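*Asks:* Turn this into a structure:
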Amino acid sequence: MIAVIGHGDLGDTTLELVEAELRARLGRPAKGVGALVRAGAGLPVVFARAARETGRRLTVLLPAQGVVPAALPEPDRRAAGELLVLAEQVRLLAFDPADRDACVRADERLVKESLTVFAVWDGSHSDGRDATAHLVAFARARGIRVEIVWPEGSVRGRS
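*Replies:* As a prediction, the model looks like this:
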C-alpha cells in the first residue's frame with residue numbers, strides 16, 4: 001500500500017499543486033500496489049482522486065465506534081462522501097475523529113500498513129495540532145519508505 005500523510009492546513013492552490021505531484025508519483029509503475037487513506041477533507045481527497053485517476057485501488061479508513069461508523073467533524077463529512085464514491089474498499093478503524101491523539105494513533109496504524117508513505121510536508125516540526133513530522137519519523141523508524149511531497153509554490157495556510 002501507498003499511504004498519504006501531511007499537513008491539514010493547505011489551501012486550494014497548494015492542494016492543486018500537491019494533487020498534480022501525487023498523480024505523477026502514483027502514475028509510476030508499481031503493479032498491484034493500492035492506495036490507503038484516512039477519511040478527511042483536503043489532502044485525503046486529492047490523494048484519492050490522484051490514486052483513482054492512475055488506476056490504483058483505493059482503500060478508505062473510516063472512524064468507528066465499535067462496529068458502526070463514527071460521526072466525522074463537519075468539515076470532513078462532504079469529503080467522506082466523495083472518498084466513499086472513489087473507494088474500492090472501506091474499512092472501519094476504531095478511533096474518535098474529534099480527538100487529535102486518537103487521529104495520530106490512527107495515522108500510525110495507516111503508516112504501519114504501508115510500503116511507502118507520501119508525506120506532504122514542509123519540513124516543520126510537529127506541534128500541538130500538526131503531527132506530520134512525528135509520522136515521518138514514525139515511518140522511517142520502521143523502515144517504511146517515505147517520499148516527501150512539497151511542490152514548488154506550496155504554502156501552508158488556507159488561501
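*Asks:* List of residues touching the longest strand seen in the chain?
*Replies:* Longest strand of the chain, by residue count under DSSP state E: strand 58-65. With contact meaning C-beta atoms under 8 Å, 6 or more residues apart in numbering, strand 58-65 is reached by 1, 34-39, 44, 48, 51-52, 69-70, 72, 80, 83-84, 86-97, 106, 110. Every C-beta, even on glycine, is put in place using the N, C-alpha and C of the backbone.
*Asks:* With stretch 114-121 instead?
*Replies:* For stretch 114-121, the external contacting residues (C-beta under 8 Å, 6+ apart) are 1-7, 10, 18, 22, 25, 33, 36, 43, 47, 111, 132-133, 135-136, 139, 144-150.
*Asks:* For the nearest residue to D9 once chain neighbours are set aside, give the beta-bridge partners.
*Replies:* Closest residue to D9 apart from its sequence neighbours, by C-beta to C-beta, 6 or more residues apart in numbering: R156 at 5.4 Å. Residues in a beta bridge with R156, per DSSP bridges, are L10.
*Asks:* tell me the pLDDT at R156?
*Replies:* Confidence at R156, expressed as pLDDT, is 94.
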